[in-house]
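# Output the structure for:
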Amino acid sequence: MTTRDRIIQVAGDIFGMEGFKAATIRKIAEAANANVASINYYFRDKEGLYAEVLEELFAYGFKKFPSNMGLNLHSSPEERLKAFIRGMFFRLMSSDGWGGISGKARLLARELMEPTPAFESTIEKYIKPHKDILVSILADLTGPDVEIDKLLLCSISIIGQCIYYAFATPVIQKIAPEFTPVEENLERLADHVYTFSIGGIKAIKEFS
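Numbering: from 1, shown residues only. Alright, predicted model coming up:
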């Protein structure tokens, strides 16, 4: 692993645990067995390093677990919705993805609660296109009679379910430990969110 890669790896952990404001360049440099000058050389400053950490995090997650999970456009909207939800679960919570609240996904959790300027480009490059894909799937499921505002609400509800499992793990462990989003439960939980969402989408379509 190069010095640059090592710095990004360590910085992701420290930013995730401590947040952008509390994390220091000196602490990151020490943890990465590097010097402050090397961080300035590669990333210019703490803001540049943080932006690069976010970019690497999202680029890796969406490459490893894309929204279509390998399906093509000829797949049914039901299949595409199921793949979309499964992709979110594994991207957010699997050990090959962001690892949930105990892994890199805690950076996303922090950004959702207290966005930094660096998050704006992440929203534009990754999150908005991700949302647009889901809205397109929902439009194919419901047909032309359902208003875009309802499709947007459905998409937020579906994404919200996935995010809740990722970031509320400590609560779920206390109230329903058998449904804790650990590796062996991810397929089952993704299937449940899909089934639950399909029911809601059918109701939206029926009453539109």
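# after the helix or strand hosting residue 59, next one along is what?
In this structure, residue 59 is located in helix 46-64 according to DSSP states H and E. Sequence-wise, the next helix or strand beyond helix 46-64 is helix 77-93, with elements assigned using DSSP H and E.
# Now do the next helix or strand after that following helix: distance to the chain's middle.
Tracing the chain past helix 77-93, the next element assigned as helix or strand by DSSP H and E is helix 105-113. Relative to its chain's centre, helix 105-113 lies at 9 Å (Cα atoms, centre = their mean, to the nearest Å).
# for the helix or strand following helix 105-113, the distance to its chain's centre please.
Next along the chain after helix 105-113, taking DSSP H and E as the criterion, comes helix 119-122. For helix 119-122, the separation from the chain centroid amounts to 13 Å (computed by Cα atoms, centre = their mean).
# now the angle between helix 105-113 and the helix holding residue 59, please.
Computed with axes from the mean of the first three to the mean of the last three Cα atoms, to 10 degrees, the direction of helix 46-64 lies at 110 degrees from that of helix 105-113.
# Could you list the domains of this structure?
Following automatic domain parsing, the chain resolves into domains at 3-44, 55-206.
# end to end, how far does the longest one reach?
Put plainly, it is domain 55-206. Using Cα to Cα, to the nearest Å, the span of domain 55-206 from its first residue to its last is 41 Å.
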